[in-house]
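Participant: Fold the following.
(chains A and B)
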2 protein chains.
Amino acid sequence: MKIVQCVPNFSEGKDKEKIERIVCTLKYKEGFKLVNYEPDPNYNRTVVTLIGDLYAIKNALIPFVEVIESEIDMNLHKGEHLRMGALDVLPFVPINDVTMDECIEVSKEIGREIGEKFNIPVYLYEESATSPDRINLANIRKGEFEGLSKKMEDPLWKPDYGPNEPHNTFGAIAIGARNPLIAFNIDLDTENVEIANTISRYIRNLNGGYRFVKAAGVKLYDRNICQVTMNITDYKKTAMYRVFQTVKFEALRYGIDVKACELIGLVPLDTLLLSLEYYCNCSGINIKAFELKENYSFKVIIEQLEKCMGLYGFNETKIIEYYI
Amino acid sequence: MKIVQCVPNFSEGKDKEKIERIVCTLKYKEGFKLVNYEPDPNYNRTVVTLIGDLYAIKNALIPFVEVIESEIDMNLHKGEHLRMGALDVLPFVPINDVTMDECIEVSKEIGREIGEKFNIPVYLYEESATSPDRINLANIRKGEFEGLSKKMEDPLWKPDYGPNEPHNTFGAIAIGARNPLIAFNIDLDTENVEIANTISRYIRNLNGGYRFVKAAGVKLYDRNICQVTMNITDYKKTAMYRVFQTVKFEALRYGIDVKACELIGLVPLDTLLLSLEYYCNCSGINIKAFELKENYSFKVIIEQLEKCMGLYGFNETKIIEYYI
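Facilitator: The predicted model follows:
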């Protein structure tokens, strides 16, 4: 079995029945596990995580897209997360006994099938990208669903597969292979989204921040707070704790004491270990990440990160290694 | 007058008489000012700063190189700073009424002259680079003086001007045009240089740190401390205070309280203002950089940074705007 993680993000995070009709196409299948799905009503978006055999997952995706096409109309979609399509993004992440190249190949095969079968424009991104402009998802998604028609008039944005105009109700989709990606949000106790935006610029690569951080500010209306929401694209080189501590000292200038954060979707265990190692060291406990792994259960590691970083909404089922 | 800053670095930082014989070729000349020169005995290197007319400076450089060639033998040189030549690096920085392109052109003209007249291999770097491999000075300098002979056997490292082998006693030289560069060192109260190296990796772009930071660890034997020594290549996007605060929280894990830093050479006033703004904001004083500039003297701004960051060895004559 060529084990991959596949993390489709679709643009519905409120209507529970609709979400169930979409997600049930991925439940109890041979060869892979539907590990979890997290509807987010603020983002109006659901992140699905599949772990299992690359080809078993690939075969399940056509019926999945078919239901999404019939259920979601992007003309009616509103949410706090950038998006350009009903199935917005479809990444393949190599985990075990599978190469990046195999993931790239499958991303292209499924891209061509979706483009042809459903008349949806498909852009290949990250490791699968066919030009430097398309490596970064933000470039592809810029202008979002509403700007897609105009954007696609530019020959630069001819899709890799599918028609040269957006699907009426579906929009477009980004498909690609990539390394594990940490979706990390830090709570800011303020209603002023400008502060979250400014801090995002301080920490993201685009504006001079950390090399492997993409970040933006968002307002969470239901909780009356803002978040710095980010992806860390190489968690070994740009550690989670480092970004957290940086946001912490930047927020000080706005009189904000940063006390909480959350991880969305699954993460490799190392993400947690590298951060816990830092906080242990700061407390005078001279221990390495691999020693934490050998000596402590997932549960203890998570409890300690709750204390050190205010990590909330997390449990051991969100650790990739839990399923292998 | 096309005002530029020109910052030759030569490989002698101990022998005061020798340094004087070299530097006097740049004193009291028409059209530009020798603003300062800072011999560093640990680095065994002197950083010279010239401010003035691009062409006046250019004309003074041939006699300058001539004296360096006769005074410095790189076979005898030892120091804590990476180097590959007697005049190691010669950058031109546009300041006022001059374009980057004009600086690039002059860097090429003087490069050709030095290469031909003295038989010294010349590599163009940064904005003047003739291939992507040569943009980053670290790539060119890798292997240092001692490794130059072997390195130049590779056709990839054929110099832009001059002979295809190192000068016997001079080595080679990097010449180019670039944006203002902040040479910033942070003191770590430890004799363990491995800690300084590790923290350097945390903050530099190469290993996932800040986009516009190049950093390394060094040990200062005379003071029994180490430093994180760095160049910030875009001080507006990667602010000095941000790097300082990051080194501060990373050092905590080694039980080190970071309390002091220094700036080498001249810096634009904005570097100071952007950092002071942060510390003012953290103290509850809601003031912007431009307001600090309008309301406070250079002296007051520097005094405040001494308090906030332990900035030492700095005064108003190190601010570029002091000379314009």
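
Participant: Going by C-alpha atoms from here, please, whenever you check contacts or count neighbours.
Facilitator: Will do.

Participant: Confirm that A:Cys147 sits in a helix.
Facilitator: Slight slip there: residue A:147 is Gly, not Cys. Yes. Counting by DSSP: H, G, I helix; E, B strand; the rest coil, one finds A:Gly147 located in a helix.

Participant: For it, the count of nearby residues, please.
Facilitator: Counted with other C-alpha atoms under 10 Å in any protein chain shown, residues neighbouring A:Gly147 total 14.

Participant: now do A:Lys158
Facilitator: Look at A:Lys158: counted by other C-alpha under 10 Å, it has 17 neighbours.

Participant: gap between it and A:Pro166?
Facilitator: 11 Å (C-alpha to C-alpha, to the nearest Å).

Participant: likewise A:Gly147?
Facilitator: Relative to A:Pro166, and taking C-alpha to C-alpha, A:Gly147 is found at 10 Å.

Participant: How about the residues of the stretch 151-300 of chain A by chain B?
Facilitator: Contacts of the stretch 151-300 of chain A with chain B, taken as C-alpha under 8 Å from any C-alpha of the partner chain, map to A:202, A:205, A:207-212, A:234, A:237-238, A:245-246, A:249, A:252-255, A:278-279, A:281-284.

Participant: Isn't A:Asn207 up against B:Ala239?
Facilitator: No. Using C-alpha atoms under 8 Å, A:Asn207 is not in contact with B:Ala239, being 10.8 Å away.

Participant: For A:Ala260, give me its contacts.
Facilitator: Residues counted as contacts of A:Ala260 (C-alpha atoms under 8 Å, 6 or more residues apart in numbering or on different chains) are A:Ile186, A:Asp187, A:Met309, A:Gly310, A:Leu311, A:Tyr312.

Participant: per-residue confidence at the spatially most distant residue from the centre of chain A?
Facilitator: In chain A, the residue that sits farthest from the middle, by C-alpha atoms, centre = their mean, is A:Gly284; the gap is 34.1 Å. At A:Gly284 the predicted local confidence, pLDDT, stands at 96.

Participant: now do A:Asn36
Facilitator: pLDDT at A:Asn36 comes out at 87.

Participant: From what I see, it and A:Val48 are in contact.
Facilitator: Yes. Counting by C-alpha under 8 Å, A:Asn36 touches A:Val48, with 6.0 Å between them.

Participant: Which one of these two is surrounded by more residues?
Facilitator: Between A:Asn36 and A:Val48, A:Val48 has the larger neighbour count (other C-alpha under 10 Å), namely 21 against 17.

Participant: In a helix, that one, correct?
Facilitator: No. Going by three-state DSSP, the assignment for A:Val48 is strand, not a helix.

Participant: In contact with the nearest residue to it once chain neighbours are set aside, which residues?
Facilitator: Nearest residue to A:Val48, sequence neighbours excluded (C-alpha to C-alpha, 6 or more residues apart in numbering or on different chains): A:Tyr37, at 4.2 Å. Contacts for A:Tyr37 (C-alpha under 8 Å, 6+ apart) come out as A:Thr46, A:Val47, A:Val48, A:Thr49, A:Gly265.

Participant: between A:Asn36 and A:Val48, what contacts are shared?
Facilitator: Counting by C-alpha under 8 Å, 6+ apart, the residues touching both A:Asn36 and A:Val48 are A:Gly265.

Participant: Show me the helices in chain A, by range?
Facilitator: Per DSSP state H, chain A carries helices over the ranges A:16-23, A:54-71, A:100-118, A:137-141, A:144-151, A:193-203, A:240-251, A:269-282, A:289-295, A:298-309.

Participant: can you pull the buried residues of the second one?
Facilitator: Which is helix A:54-71. Buried residues in helix A:54-71, counted by 16 or more other C-alpha atoms under 10 Å in any protein chain shown: A:54-57, A:60-62, A:64-65, A:67-69, A:71.

Participant: any chance of those in CSV, plus distance to chain B and pLDDT?
Facilitator: Compiled in CSV, those are given as follows (distance: C-alpha to the nearest C-alpha, whole Å; pLDDT from 0 to 100):
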residue, distance to chain B, pLDDT
A:Leu54, 30, 96
A:Tyr55, 33, 97
A:Ala56, 35, 96
A:Ile57, 32, 97
A:Ala60, 36, 97
A:Leu61, 34, 98
A:Ile62, 37, 97
A:Phe64, 36, 98
A:Val65, 36, 98
A:Val67, 40, 98
A:Ile68, 37, 98
A:Glu69, 39, 98
A:Glu71, 41, 97
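
Participant: what sits against the most centrally placed residue in chain A?
Facilitator: In chain A, the centroid-proximal residue (C-alpha atoms, centre = their mean) is A:Ala183; its distance is 5.2 Å. When contacts are counted by C-alpha under 8 Å, 6+ apart, A:Ala183 touches A:Thr229, A:Met230, A:Asn231, A:Ile232, A:Leu263, A:Ile264, A:Gly265.
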